[in-house]
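1. Next come a sequence and a model predicted from it.
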Amino acid sequence: MSAAALRSGLARVAALAAVTAAVGLLPWLSGRDPALTVLRARSAEQEPTREALAAVRRDLGLDAGALALLGDWLAGLVRGDLGRSWVSGTEVLPSVLTGLGVSLTLMGASLLVALLVAAALCAPALVRGARGRVSGGGGAVAAMLAAVPEFLLATVLLIVVGVWCGWLPTSGWQGPVHLVLPALAMGIPAGGIVGRLVDDALPAVFGERWAGLWRASGVTNGRIAGAALRRALPALVPQLGLVAVGLTGGAVAVETVFAVPGLGRTALGAAKSQDLPLLQGSVLALLALGLAAGALAHLVRRRLLGPGLKDAALSLPAPVVAEPTRLRRAVPVLLGAVLAAAIGWGLLGDPYRVDTAGRLTVPSLAHPLGTDALGRDILARLGHGAAATVGVAVAVCVVSFLFALALGFLPNVSTGAADIANALPPVIVGILVAAVLGPGTAGASLAVALVSWPPLAAHAAALVLETRAAAYLTAQRAIGAPPLWILTRHILPAVAGPVARHAVLRLPGIALALASLGFLGLGAQPPAPEWGLMLDESRLYVERAPWAALAPAAALALLAGLAVSLSTAGLRTRRSTGP
């Protein structure tokens with residue numbers, strides 16, 4: 001075994017041990033009596049007397065302490081025994097396998113939808129690039145799709161397609177037809193992320209010299225497009241693995257809306273009832289899936305790159321050359337002006353004023369965006385919630401970018417930890433953090449930051465690996481260029497730009513992750529005017545008052561469009577004369 005593989009394996013083992021220990025200590029970290037929680041989960045009507053609680057402690061072995069319970073669980077794990085549920089008393093392994101099977105099926109269907117959406121978004125860029133017109137395609141559209149809240153999209157699909165039209169079932173898990181709506185709700189935003197990443201990589205690939213030579217030699221446009229897509233995929237394959245894992249573990253909200261008995265929903269229910277064996281088994285399955293997806297993505301990427309990576313003979317895509325364009329500068333100005341005007345107008349109102357006589361009123365001059373179920377002005381809540389939503393999301397995004405960029409230069413150490421961190425849903429991490437810090441914005445921000453860096457780190461590590469293996473860098477080393485010069489003048493510029501644009505694309509998703517934690521009571525607390533809470537509060541009456549949900553959703557879409565347009569403002573990709 002090589003030293004690099006050994007370091008990567010040790011990183012995985014250390015991260016896995018840390019997560020397992022944190023989950024095993026959850027009842028004691030939370031400060032709540034696990035016996036009381038389990039008693040209420042078993043029988044909500046039973047009085048929590050001293051005798052009843054003592055009986056639960058004896059039954060679960062809680063008197064032995066956290067470390068003894070964790071040791072017993074690990075000993076059973078070696079024998080293939082995940083223990084019995086504290087609440088139902090049934091074997092944990094069948095429940096975990098059942099939930100995992102449902103989640104894997106839903107993941108496959110969602111991934112198919114995501115790939116179809118990504119292909120539709122990237123098709124214009126492929127066609128234009130193959131014809132010699134190097135430019136991006138659906139970057140802005142992709143970013144806005146990525147910013148669509150999954151639970152809001154799930155609710156809209158449930159009401160429109162399931163209830164109004166009656167075309168598809170709205171809940172349950174009895175057959176393939178039940179896959180369609182959850183897969184659409186999860187696959188469309190994921191397709192926006194994948195499509196934006198591919199669209200961002202294609203212009204530089206088409207700017208390479210080989211593309212011009214192939215066109216001049218009469219190679220068909222289809223072959224050129226296929227070769228360009230294959231050339232862009234190696235740096236993006238790790239992202240596909242991370243997206244696939246995220247579709248399994250991060251589908252808690254969608255599984256809840258459609259009553260899908262998946263693994264994420266199982267883990268959330270176990271965490272709420274402090275059913276420690278079931279929670280440990282669910283998290284372990286998610287971690288195993290993350291490690292398997294990471295290893296598969298690594299093998300596929302090595303296969304795509306071929307011997308060029310080993311021989312340090314790769315050619316890097318042409319760089320992006322800055323050239324001012326008025327249109328690209330006007331788009332972020334326009335989007336920013338609309339968003340700033342809405343926020344500024346909303347700041348003039350009172351977000352907490354309750355008017356029960358004016359509940360769910362339609363937009364009017366008095367209330368330009370209408371009112372919510374308590375009669376509070378939606379525009380005022382939108383404006384006052386901007387700082388809590390956008391400000392915190394930007395801070396988390398910046399921290400994740402810097403952390404991921406640093407770890408990108410240590411791929412053997414970061415890869416294993418990234419696989420573990422990415423396999424954990426933000427909800428589970430939020431529960432663990434809230435157990436220590438308590439629910440609130442600070443704890444939710446830390447929880448999202450802990451799971452936001454893996455996609456960025458994987459992207460950075462892939463780019464670092466390819467850049468270091470570039471043929472022209474081998475020539476630079478041969479003529480005596482110092483390592484610091486190579487790092488600052490070649491490697492960092494080739495890595496920081498694409499990863500920064502990727503981080504910007506993740507900004508709306510980070511805002512939504514914060515919102516989902518607020519929805520579960522782990523983030524911002526009511527009556528705070530936070531966009532995620534507004535989305536959740538409006539979800540129950542979206543059929544009667546759709547404007548209440550459209551306002552924060554449109555604000556998030558504007559935020560996504562603004563972020564992407566800012567990342568490309570003043571830039572136009574053209575063929576460069578050298579590396």
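-> Structure's in. What do you need? All values derive from a computational prediction rather than experimental measurement.
2. Now do the buried residues in the helix or strand harbouring Asp59.
-> Assigned by DSSP states H and E, Asp59 belongs to helix 50-60. Using 16 or more other CB atoms under 10 Å as the test for burial, helix 50-60 gives Ala52, Leu53, Val56, Arg57, Leu60. Quick note: C-beta positions are derived from backbone N, CA and C, even for glycine.
3. Kindly report the same for stretch 342-349.
-> Those would be Ala342, Ile343, Gly346, Gly349, for stretch 342-349 by 16+ other CB under 10 Å.
4. that older thread, so what touches the helix holding Asp59?
-> Here helix 50-60 makes contact (CB atoms under 8 Å, 6 or more residues apart in numbering) with Asp33, Pro34, Ala35, Leu36, Val38, Leu39, Gln46, Leu62, Asp63, Trp86.
5. what is the mean pLDDT for the helix or strand encompassing Leu287?
-> According to DSSP H and E, Leu287 maps onto helix 276-305. In this model, helix 276-305 carries a mean pLDDT of 80.
6. repeat for stretch 456-469
-> 79.
7. Could I have the CA atoms of it written out in PDB?
-> C-alpha atoms of stretch 456-469 as PDB (Å, rounded to 0.1, in the frame of the first residue of the first chain):
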ATOM      1  CA  LEU A 456     -15.700  22.300  -2.900                       C
ATOM      2  CA  ALA A 457     -12.700  20.300  -1.500                       C
ATOM      3  CA  ALA A 458     -13.300  17.500  -4.000                       C
ATOM      4  CA  HIS A 459     -13.400  20.000  -6.800                       C
ATOM      5  CA  ALA A 460     -10.200  21.700  -5.700                       C
ATOM      6  CA  ALA A 461      -8.400  18.400  -5.100                       C
ATOM      7  CA  ALA A 462      -9.300  17.200  -8.600                       C
ATOM      8  CA  LEU A 463      -8.100  20.500 -10.200                       C
ATOM      9  CA  VAL A 464      -4.900  20.500  -8.100                       C
ATOM     10  CA  LEU A 465      -4.100  16.900  -9.200                       C
ATOM     11  CA  GLU A 466      -4.700  17.600 -12.900                       C
ATOM     12  CA  THR A 467      -2.700  20.900 -12.700                       C
ATOM     13  CA  ARG A 468       0.300  19.300 -11.000                       C
ATOM     14  CA  ALA A 469       0.300  16.600 -13.700                       C
END
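8. For the stretch 101-250 of the chain, which segments count as helices?
-> Remark: helices assigned in the stretch 101-250 of the chain by DSSP state H, counting those that start in this stretch are 139-146, 150-157, 180-206, 209-216, 221-232, 237-249.
9. do you know how far the closest residue to Leu153 other than its chain neighbours is from Ala125?
-> Once flanking residues are discounted, Leu153 sits nearest to Ala185: 4.7 Å by CB to CB, 6 or more residues apart in numbering. From Ala185 across to Ala125, the span is 26 Å (CB to CB, to the nearest Å).
10. Next: Arg506.
-> From Arg506 to Ala125 the distance is 21 Å (CB to CB).
11. Between those two, which has more neighbouring residues?
-> Ala125 (27 against 24; other CB atoms under 10 Å).
12. isn't that one right up against Leu202?
-> Yes. The criterion here is CB atoms under 8 Å, and Ala125 meets it with Leu202 at 4.8 Å.
13. thinking again about what came up before, and the residue nearest to Leu153, how many neighbours does it have?
-> Ala185, neighbours per other CB under 10 Å, totals 27.
14. contacting residues for it?
-> Here Ala185 is in contact with Glu150, Phe151, Leu153, Ala154, Leu157, Val254, Val257, Phe258 (criterion: CB under 8 Å, 6+ apart).
15. where's the dip in pLDDT among those residues?
-> Phe151 (71).
16. OK, contacts around that one?
-> Taking CB under 8 Å, 6+ apart, one finds Ala185, Ala253, Val254, Thr256, Val257, Ser516, Phe519, Leu535, Asp536, Arg539 in contact with Phe151.
17. Can you tell me which of the residues you listed are buried?
-> Ala185, Ala253, Val254, Thr256, Val257, Ser516, Phe519, Leu535, Asp536, Arg539.
18. so how far is the helix or strand Pro508 falls within from its chain's centroid?
-> Assigned by DSSP H and E, Pro508 falls within helix 492-519. Counting by CA atoms, centre = their mean, to the nearest Å, helix 492-519 is centred 9 Å from the centre of its parent chain.
19. Mind giving me the packing neighbours of whichever helix or strand comes after that helix?
-> Using DSSP H and E, the next helix or strand after helix 492-519 towards the C-terminus is helix 531-539. Other helices and strands packing on helix 531-539, by 3 or more CB pairs under 8 Å, 6 or more residues apart in numbering; DSSP states H and E, are helix 150-157, helix 378-384, helix 492-519, helix 546-568.
20. Distance to Val436 added to these, as a markdown table?
-> Converted to a markdown table, these look like this (distance: least, CB to CB, whole Å):
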| stretch | distance to Val436 |
| --- | --- |
| helix 150-157 | 26 |
| helix 378-384 | 29 |
| helix 492-519 | 14 |
| helix 546-568 | 29 |
